[in-house]
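> with the sequence up front, the predicted model follows.
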Amino acid sequence: MFITPEELTLHSLSVDESYGPNDLDVGGASIHPAGRLTLHVVAELVGREIRIRGDLSTAFEMECDRCATAIEFPLNRCFDLYYRPLSTIARVEEIEIPKDELEMAFYPAEGIDLREVAKEQVILALPMKLLCNPNCRGLCPRCGVNLNIESCQCAPDPTDSPFAFLAHRQDR
């Protein structure tokens, strides 16, 4: 759905959208939607700015970044966004944005695509590092066994380090 400032001059909009697993590309080969994304927003015009408040919910099937175990990551997010017309800053020279406007986004003259708002909010909500549990031990770097499930039978690392002698040195 596309929201234009013209339609918001008449009244605020309440929109419920639903996107299928293949409708939003959030990137990442190991991120797969587990179901539909539901989006509920209320959009209103505040001066020249468009305010979009809402929430979204969905789930993703992802892999643990340490042990590659498949896990489901539920995502529920509320947001309150302000958008200004892009024409308010569209200049040739560089300008500095005041600190109180760093959270402001901008929209082109034609309006705001809700699909892009949903995609942005999903990307912001996904963790930088996804773990199956906080104490995940990961995979053995030599044999690849999942250390959360079983112990590895690899021989300990030889002490080839130039600092290995420090481990055997007695305190003086």
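Looks like it came in fine. Residues are numbered from 1 along each chain as shown.
> rest of the way, CA atoms for contacts and neighbours
Noted.
> which residue comes closest to the spatially most central residue of the chain once chain neighbours are left out?
What sits nearest the mean C-alpha location of the chain, by CA atoms, centre = their mean, is I123, with 2.6 Å. With CA to CA, 6 or more residues apart in numbering as the criterion, I123 has its nearest non-adjacent residue at 6.3 Å, and that residue is V26.
> any idea how far that neighbour lies from T9?
Taking CA to CA, to the nearest Å as the measure, V26 and T9 are separated by 32 Å.
> higher neighbour count, the two?
More crowded of V26 and T9, by other CA atoms under 10 Å: V26, with 17 against 13.
> surely that one meets Q121?
No. V26 lies out of contact with Q121 (CA atoms under 8 Å); the separation is 9.9 Å.
> the residue nearest to the centre of the chain - that's part of a strand, no?
No. Under the criterion used here (DSSP: H, G, I helix; E, B strand; the rest coil), I123 is helix, not part of a strand.
> quick one: pLDDT of it?
We note a pLDDT of 88 for I123 in this prediction.
> now T69
What the model reports for T69 is a pLDDT of 93.
> so what's the residue count around it?
Neighbour count for T69, taken as other CA under 10 Å: 13.
> alright, that wraps it up for me.
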